[in-house]
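Asker: requesting a structural model of the entry that follows:
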Amino acid sequence: MSKKHDLPHKTCVHCGRPFSWRKKWARDWAAVKFCSERCRRTHRGEAAA
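Answerer: Model prediction:
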């Protein structure tokens, strides 16, 4: 098993915080832009306004 610091990291498009790879994102890690569902929803709301 890998240590958390060995996993890939990205920066959230909305809040700018770094986040680590999660197993549930394994299929589409390249497409992941947001650290959480809350950031994704909030970002969509700002784009529509």
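Asker: who's in contact with stretch 6-13?
Answerer: 17-21, 29, 32-36, 39, 43 (CB atoms under 8 Å, 6 or more residues apart in numbering). To be clear about C-beta, it is placed using only N, CA and C from the backbone, and glycine gets the same treatment.
Asker: now name the helix or strand holding Val13.
Answerer: Val13 belongs to no helix or strand when assigned by DSSP states H and E.
Asker: how near is it to His43?
Answerer: According to CB to CB, to the nearest Å, Val13 and His43 sit 7 Å apart.
Asker: mutual contacts of those two, please.
Answerer: Phe34.
Asker: what about those two, which has more around it?
Answerer: His43 (16 against 13; other CB atoms under 10 Å).
Asker: ok, that one to Ala26 distance?
Answerer: Taking CB to CB, one finds His43 at 23 Å from Ala26.
Asker: same thing with Arg40?
Answerer: 18 Å.
Asker: tell me how many other residues surround Thr42.
Answerer: Neighbours of Thr42 under the rule other CB under 10 Å: 14.
Asker: do Lys33 as well
Answerer: 12.
Asker: so what's it up against?
Answerer: So Lys33 contacts Lys10, Cys12, Val13, Arg40 (CB under 8 Å, 6+ apart).
Asker: mind redoing it with 7 Å?
Answerer: For Lys33, the contact set (CB atoms under 7 Å, 6 or more residues apart in numbering) comprises Val13.
Asker: ditto for Ser20
Answerer: Contacts of Ser20 by CB under 7 Å, 6+ apart are Lys4, Leu7, His9.
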